[in-house]
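Novice: kindly generate the corresponding structure for this input.
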Amino acid sequence: MLKVEIINIGNELLIGRTLNQNLLWLGERIYDLGGYLKRAVIIRDVKEDIINEIKLVLMEQPDLVLTTGGLGPTYDDITMASIAEAFGLRLVVNDEAIKFMINRKAPASDNIKSAYEKMATLPEGCQPLLNYAGSAPGALISRGSTKVIVMPGVPDEMKDMFTRYVEPLFGSNKSRGVVILTENIYEAELAPLIAKMAKKYPSVYIKTHPASEKGVSRVKVELKTQGRDNSIDSELDEIKLWLTQNKVKFSVQ
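Specialist: Residues are numbered from 1 along each chain as shown. Below you'll find the model as predicted:
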């Protein structure tokens with residue numbers, strides 16, 4: 001199971017201007033792929049903060065560090081330069097990255113050409129991650145057993161880059177999930193059963209989500225496990241049996 005940490009970078013995430021969709025999507029994908037997201041932080045576009053956070057996370061030695069944001073052409077897009085400094089690496093224009101950008105869309109002015117060069121300036125020796133959904137390339141930098149993967153903050157670009165370059169690192173250790181939707185029972189009535197199941201099957205994530213629809217009390221029971229852990233089947237059977245014995249209407253999704 002790969003251990004992962006996320007660093008979301010961007011002032012806009014901290015002043016309420018932009019919802020952090022990247023963390024929501026990454027958290028779900030990492031779990032579904034069988035990974036373990038240990039920690040996620042949001043920091044500002046401040047060089048010292050980015051450097052300090054990279055150095056801190058490297059001390060934790062996770063398998064993967066995923067950063068998002070700060071790769072564009074503007075003055076405050078300083079993520080790549082800050083990460084290079086944290087690693088003690090020079091910044092150089094990456095030939096592969098800039099050729100890819102020009103082949104996709106030739107710069108229409110000197111200003112755009114300069115923007116391309118800024119975005120294609122990467123830490124020396126890194127693996128460039130080509131951006132098929134936008135412009136700014138990402139980068140993969142290794143330090144010991146830890147891989148730091150630098151991705152754009154634009155959600156569509158980040159998702160495409162993650163799917164292309166990060167997902168293959170997880171291998172085939174996929175998670176499994178089941179949802180049980182109950183009717184006319186309150187979460188408090190299910191609480192003792194859920195506590196018992198959590199203790200009996202510690203490798204399975206179990207969580208209840210209460211709701212009400214047209215005056216009907218509903219509770220969604222979510223079960224998730226990672227890898228080839230078949231204990232989710234035994235737990236599901238026990239919960240279904242309990243619900244049946246207690247005459248609770250339910251469906252499995």
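
Novice: every contact and neighbour count from this point should use C-alpha atoms.
Specialist: Will do.

Novice: how much space separates residue 136 from residue 206?
Specialist: Using Cα to Cα, to the nearest Å, one gets 39 Å for the distance from residue 136 to residue 206.

Novice: these two - which one has more neighbours?
Specialist: Set residue 136 next to residue 206 and count neighbours by other Cα atoms under 10 Å: residue 136 wins out with 28 against 21.

Novice: Three-state assignment for that one, please.
Specialist: coil (DSSP: H, G, I helix; E, B strand; the rest coil).

Novice: surely it and residue 69 touch.
Specialist: No: with contact taken as Cα atoms under 8 Å, residue 136 and residue 69 are classed as non-touching, separated by 10.3 Å.

Novice: what is in contact with those two at once?
Specialist: residue 152 (Cα atoms under 8 Å, 6 or more residues apart in numbering).

Novice: now the strands for this protein?
Specialist: In the chain, the segments counted as strands under DSSP state E are 3-9, 36-43, 64-68, 91-93, 121-123, 127-129, 138-143, 146-151, 175-183, 205-213, 216-226, 250-252.

Novice: same list (those) but as TSV, adding distance to residue 199.
Specialist: What follows is the strands of the chain, written out as TSV (distance: least, Cα to Cα, whole Å):
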stretch	distance to residue 199
strand 3-9	23
strand 36-43	20
strand 64-68	30
strand 91-93	51
strand 121-123	47
strand 127-129	43
strand 138-143	38
strand 146-151	33
strand 175-183	18
strand 205-213	10
strand 216-226	14
strand 250-252	22
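
Novice: reformat those strands as TSV; add distance to residue 79 and mean pLDDT.
Specialist: Formatted as TSV, the strands of the chain follow (distance: least, Cα to Cα, whole Å; pLDDT from 0 to 100):
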stretch	distance to residue 79	mean pLDDT
strand 3-9	8	97
strand 36-43	11	96
strand 64-68	9	98
strand 91-93	12	97
strand 121-123	10	97
strand 127-129	15	98
strand 138-143	10	97
strand 146-151	8	98
strand 175-183	32	91
strand 205-213	35	89
strand 216-226	33	90
strand 250-252	45	94
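
Novice: out of the ones you listed, the one nearest residue 15 is which?
Specialist: With distances scored as Cα to Cα, the stretch of the strands of the chain nearest to residue 15 is strand 36-43 (11.0 Å).

Novice: any idea how far that closest one is from the chain center?
Specialist: In terms of Cα atoms, centre = their mean, to the nearest Å, the centre of strand 36-43 is set 9 Å apart from its chain centre.

Novice: elements contacting that strand?
Specialist: For strand 36-43, the elements it packs on are strand 3-9, helix 11-14, helix 21-32, judged by 3 or more Cα pairs under 8 Å, 6 or more residues apart in numbering; DSSP states H and E.

Novice: which positions in the last one come out as buried?
Specialist: Read that as helix 21-32. 22, 23, 26, 27, 29, 30, 31, 32 (16 or more other Cα atoms under 10 Å).
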